[in-house]
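>>> Predicted model and sequence follow; I will ask about them next.
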Amino acid sequence: MTEKYILSIDQGTTSSRAILFNKNGEIVAMTQREFPQYYPKPGWVEHNANEIWGSVLAVLGELFGNYNVEPKQIEGIGITNQRETTVVWDKNTGLPIYNAIVWQSRQTAAICDDLKAKGYEQMVREKTGLVIDAYFSGTKIKWILDNVEGAREKAKKGDLLFGTIDTWLIWKLTGGKAHVTDYTNASRTMLFNIHTLEWDDELLQMLDIPKSMLPEVRPSSEIYGMTVPYHFFGEEIPVAGAAGDQQAALFGQACFEAGMAKNTYGTGCFMLMNTGEKAVPSKHGLLTTIAWGVDGKVEYALEGSIFVAGAAVQWLRDGLRVVDNAPQSEELATKVDSTDGVYVVPAFTGLGAPYWDMDARGAIFGLTRGTTREHLVRATLESLAYQTRDVLSAMEADSGITLNTLRVDGGAVKNNFLMQFQSDLLAVPVERPVVNETTALGAAYLAGLATGFWKDKEEIAKNWAIDKTFEPVLAEEKREELYSGWKRAVNSTMHWSKNQ
Ligand SMILES: Nc1ncnc2c1ncn2[C@@H]1O[C@H](COP(=O)(O)OP(=O)(O)O)[C@@H](O)[C@H]1O
Ligand SMILES: O=P(O)(O)OC[C@H](O)CO
């Protein structure tokens, strides 16, 4: 009999991927495509939702074109996505009415300032687990309705639909039949009450968003609909799972027990700790978010969201042009023993957890005549580790749990220098798994649980295996000295763009 697989569509900030997994959770085939980023004004980041859809169709086409796999071998499809990124489209034409406003974009900072001034912060935190920040979808929807001509009238008539990227892709894959999202993605909109598990009227009123635009919220592992055959070379395949990429990575890393955590180093860096059925409120600048809705219940996580991580390495490559490619950053960083006191704070789009300062901007500190590109590259890589330490400290304080190990994944964990420095700075072993595509794997698991491809979480947890563990070796005194320099640097970047 022909072998069956689960297909994951991983729609990330910089690229779309299609990955096929077998029953052991191993990658059988993978295709990837980058798509354009738009920066219309300083601090703004946008995508074209049709280009995103095009990139997904392209990676699917390449998958069946380049590998010896037939669509009928696919038992189910899991979707995972860059979260918060907001698409608003006309349900009659299927066309977006504006570019997708990306999670990193700061164009709604003024709306957020206004909400804060009106005293909404506590209510928002209590209901959604989030802080008021341009990061989340709610203010992005409002911005589109306020700024695109005729949009508000159309929305009021019920002609417009909103979706995060999961919703947009499921809508397209099912030929407009399913307008749905899952609990994890809904929990990132700033419109969803994470305790009652409903869209919240008070929040919708606060942002003047009609409820008719919103998708139906469903569990993360469930059949939402079937693909229209013309996208799948004649096949109707169940779209059977969805989760925001960071929650999917937590699932793919098999962090199923409360207290288990992972950190993903992609464009940004996101640490999530499973807190089980308890939504733990944060007192230290983290978010409370939904980890997943599986097996008839919802579980929660604490999250530290860092906006710029691997993107800082892209800046070294494309902005400063001091490296030709990302892996070269490791080669250069290891040519020097230290940064010689140089710190890079990559607050290009403000600072996320635990600072939440939309007005911070990037800076380089400690330059001397002896500073070389090697120092600068090393300092940039180290900034990923420092930011991670900031969120881990907050997480330990909020949860009362001291981490024994940190599971890591994402594009930048291939960098052995970074992983060793991370372990040294946290004084915690860092575990890199064999399958680094844990985001896609998590989405595959969610879909495969819904179709019966995998039996339960226990079966899935057995697939998880370590590639390499990085053990801490740095002396405590040195570690703390380095970290205190970082704290001084990061504090100096706060409120920068507001004070000009
Ligand atoms: N060897 C490396 N060292 C440091 N950073 C790297 C390395 N390889 C990739 N990266 C960074 O990882 C990111 C890509 O990771 P990925 O998980 O694919 O991101 P995303 O899902 O956010 O698009 C890029 O920002 C890139 O700069
Ligand atoms: O596309 P990634 O992997 O950088 O993830 C983006 C996050 O989901 C934003 O919240």
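All right, it came through fine. Residues are numbered from 1 along each chain as shown. Ligands and ions are numbered 1, 2, ... in the order given.

>>> C-terminal to the top helix by length along the chain, what's the next element?
In the chain, with assignment by DSSP state H, the single longest helix is helix 373-399. Counting by DSSP states H and E, the next helix or strand C-terminal to helix 373-399 is strand 406-409.

>>> So which residues make contact with whatever helix or strand comes next after that next one?
For strand 406-409, the following helix or strand on the C-terminal side (DSSP H and E) is helix 416-426. Contacts with helix 416-426, where a contact means Cβ atoms under 8 Å, 6 or more residues apart in numbering, come from 265, 330, 333-334, 378, 381-382, 384-386, 388-389, 392, 403, 406, 408, 412-413, 429-430, 432, 468, 470-474, 479, 482-483. C-beta here means a position set from N, CA and C on the backbone, and glycine is covered the same way.

>>> Now tell me what touches the worst-scoring helix or strand of the chain on mean pLDDT from outside.
Least confident helix or strand of the chain, by mean pLDDT, DSSP states H and E, is helix 457-461 with a mean of 91. Helix 457-461 is contacted by residues Gly25, Ala254, Phe256, Val294, Asp295, Tyr445, Leu449, Trp454 when judged by Cβ under 8 Å, 6+ apart.

>>> out of the residues you listed, which are buried?
For the contacts of helix 457-461, a burial check counting by 16 or more other Cβ atoms under 10 Å picks out Gly25, Ala254, Phe256, Val294, Tyr445, Leu449, Trp454.

>>> Now, those that are in helices?
Tyr445, Leu449.

>>> out of the buried ones among the contacts of helix 457-461, which are inside strands?
Counted as lying in strands by DSSP state E, out of those, are Val294.

>>> Let me have the buried ones among the contacts of helix 457-461 in TSV, adding pLDDT and distance to ligand 2 as columns.
Shown next, in TSV, are those (pLDDT from 0 to 100; distance: Cβ to the nearest ligand atom, whole Å):
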residue	pLDDT	distance to ligand 2
Gly25	92	19
Ala254	93	19
Phe256	93	20
Val294	93	19
Tyr445	97	17
Leu449	96	22
Trp454	95	24
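
>>> Contacting ligand 1 as well, which ones from the contacts of helix 416-426?
Intersecting these with the surroundings of ligand 1, defined as Cβ under 6 Å from any ligand atom, gives Glu330, Ala412.

>>> Show me the helices in the stretch 151-300 of the chain, by range?
Assigned helices in the stretch 151-300 of the chain, in chain order: 151-156, 165-173, 183-186, 201-207, 245-252 (criterion: DSSP state H, counting those that start in this stretch).

>>> the inter-axis angle of the longest helix of the chain versus helix 416-426?
Counting by axes from the mean of the first three to the mean of the last three Cα atoms, to 10 degrees, helix 373-399 lies at 40 degrees to helix 416-426.

>>> just to revisit the earlier point, helix or strand right after the least confident helix or strand of the chain?
Downstream of helix 457-461 (by DSSP H and E), the next one is strand 466-470.

>>> which other helices and strands contact that following strand?
helix 416-426, strand 430-433 (3 or more Cβ pairs under 8 Å, 6 or more residues apart in numbering; DSSP states H and E).

>>> The first one relative to strand 466-470, how many degrees between them?
Spelled out, it's helix 416-426. Angle, helix 416-426 to strand 466-470, by the same axes, to 10 degrees: 60 degrees.

>>> avg pLDDT for helix 416-426?
Across helix 416-426, pLDDT averages out at 97.

>>> What of stretch 307-315?
94.

>>> what's the answer for stretch 211-226, then?
Across stretch 211-226, pLDDT averages out at 96.

>>> Of all the residues in that stretch, which ones are buried?
By 16+ other Cβ under 10 Å, the buried positions in stretch 211-226 come out as 213-215, 217-226.

>>> Give the helix, strand or coil label for whatever residue of the stretch 301-450 of the chain ends up closest to ligand 2.
Nearest to ligand 2, among the residues of the stretch 301-450 of the chain, is Ser305, at 6.1 Å (Cβ to the nearest ligand atom). What DSSP: H, G, I helix; E, B strand; the rest coil gives for Ser305 is strand.

>>> Contact partners for it?
Shown in contact with Ser305 (Cβ under 8 Å, 6+ apart): Tyr135, Gly268, Phe270, Leu287, Gly352, Ala353, Val391.

>>> other SSEs contacting the longest helix of the chain?
Contacts defined by 3+ Cβ pairs under 8 Å, 6+ apart place helix 373-399 against strand 261-265, strand 269-276, strand 297-306, helix 310-314, helix 328-333, strand 343-345, helix 416-426, helix 476-492.

>>> counting contacts, what elements does the second one pack onto?
Contact here means 3+ Cβ pairs under 8 Å, 6+ apart; on that basis strand 269-276 packs against helix 245-252, strand 261-265, strand 287-294, strand 297-306, helix 373-399.

>>> For it, enumerate its sheet partners and note whether each is parallel or antiparallel.
Using DSSP bridges, the strands paired with strand 269-276 in its sheet are strand 261-265 (antiparallel), strand 297-306 (antiparallel).

>>> Where does pLDDT dip in the chain?
Within the chain, the stretches with pLDDT under 70 are 1, 231-233, 499-500.

>>> how about the residues of it near ligand 2?
Checking the chain against ligand 2 by Cβ under 6 Å from any ligand atom, the hits are Gly12, Thr13, Gln82, Arg83, Glu84, Trp103, Gly244, Asp245, Gln246, Gly266, Thr267, Gly268.

>>> can you put the helices and strands packed on strand 466-470 in a markdown table and add distance to Val313 and mean neighbour count?
As requested, those are exported to a markdown table (distance: least, Cβ to Cβ, whole Å; neighbours: other Cβ atoms under 10 Å):
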| stretch | distance to Val313 | mean neighbour count |
| --- | --- | --- |
| helix 416-426 | 9 | 21 |
| strand 430-433 | 17 | 22 |
